[in-house]
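In: The sequence and its predicted three-dimensional model are supplied below.
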Amino acid sequence: QVQLVESGGGLVQAGGSLRLSCAASGRTFSPFAMGWFRQAPGKERQFVAAIVWSGGSTYYADSVKGRFTISRDNAKNTVYLQMNSLKPEDTAVYYCADREQRALSGTLYYARPYDYWGQGTQVTVSS
């Protein structure tokens with residue numbers, strides 16, 4: 001059973017930066033991909049970014065392209081989300097997710113294909 005623990009959320013002013021981390025444990029082999037999603041109050045969970053573990057291909061939502069960067073550290077079994085130029089509309093609970101088996105890259109934009117989820121970390125951006 002893979003366990004994911006996010007950290008790094010907090011309160012930041014608009015234009016500021018935060019780096020989220022997601023540490024995985026309980027793995028016996030590397031995942032196919034990991035992703036970040038977010039959910040604001042009253043809204044559906046929304047794709048933010050994903051990274052394919054082998055090769056490092058990355059995918060981003062249009063709303064965060066050029067501001068957010070997803071990366072991973074194989075040795076630490078950790079995925080990161082560097083968030084720059086934050087906006088109030090980025091306020092949400094951010095979740096990391098793990099996809100174990102190979103999948104079409106287009107499916108990584110959706111929550112359902114992911115096998116494991118973290119508990120979430122709150123990001124609040126004040127104006």
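Out: Cool, the structure landed.
In: Run a quick neighbour tally on the nearest residue to C22 once chain neighbours are set aside.
Out: Leaving aside its sequence neighbours, C22 sits nearest to C96 (Cβ to Cβ, 6 or more residues apart in numbering; 3.4 Å). Yep, even glycine has a C-beta here, placed from its N, CA and C like the rest. By other Cβ atoms under 10 Å, 30 other residues sit near C96.
In: Does C96 touch A111 like I think?
Out: No: contact criterion Cβ atoms under 8 Å: C96 and A111 do not qualify, at 11.8 Å.
In: I'd like to know which elements the helix or strand harbouring the residue nearest to C22 is packed against.
Out: Using DSSP states H and E, C96 sits within strand 92-99. Using 3 or more Cβ pairs under 8 Å, 6 or more residues apart in numbering; DSSP states H and E, the elements in contact with strand 92-99 are strand 3-7, strand 18-25, strand 33-39, strand 78-83, strand 116-117, strand 121-126.
In: need the ones you listed in a markdown table with distance to Y59 and mean pLDDT, can you?
Out: Converted to a markdown table, the helices and strands packed on strand 92-99 look like this (distance: least, Cβ to Cβ, whole Å; pLDDT from 0 to 100):
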| stretch | distance to Y59 | mean pLDDT |
| --- | --- | --- |
| strand 3-7 | 19 | 97 |
| strand 18-25 | 16 | 97 |
| strand 33-39 | 8 | 97 |
| strand 78-83 | 13 | 98 |
| strand 116-117 | 18 | 96 |
| strand 121-126 | 20 | 98 |
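In: Can you tell me which residue is spatially central in this protein?
Out: Per Cα atoms, centre = their mean, the C-alpha nearest to the average position across the chain is that of W36, at 1.9 Å.
In: per-residue confidence at the closest residue to that residue other than its chain neighbours?
Out: In space, W36 comes closest to V48 once its chain neighbours are excluded; the distance is 4.2 Å by Cβ to Cβ, 6+ apart. V48 is assigned a pLDDT of 98 by the prediction.
In: Surely V48 is in a strand?
Out: Yes: checked against DSSP: H, G, I helix; E, B strand; the rest coil, V48 lies within a strand.
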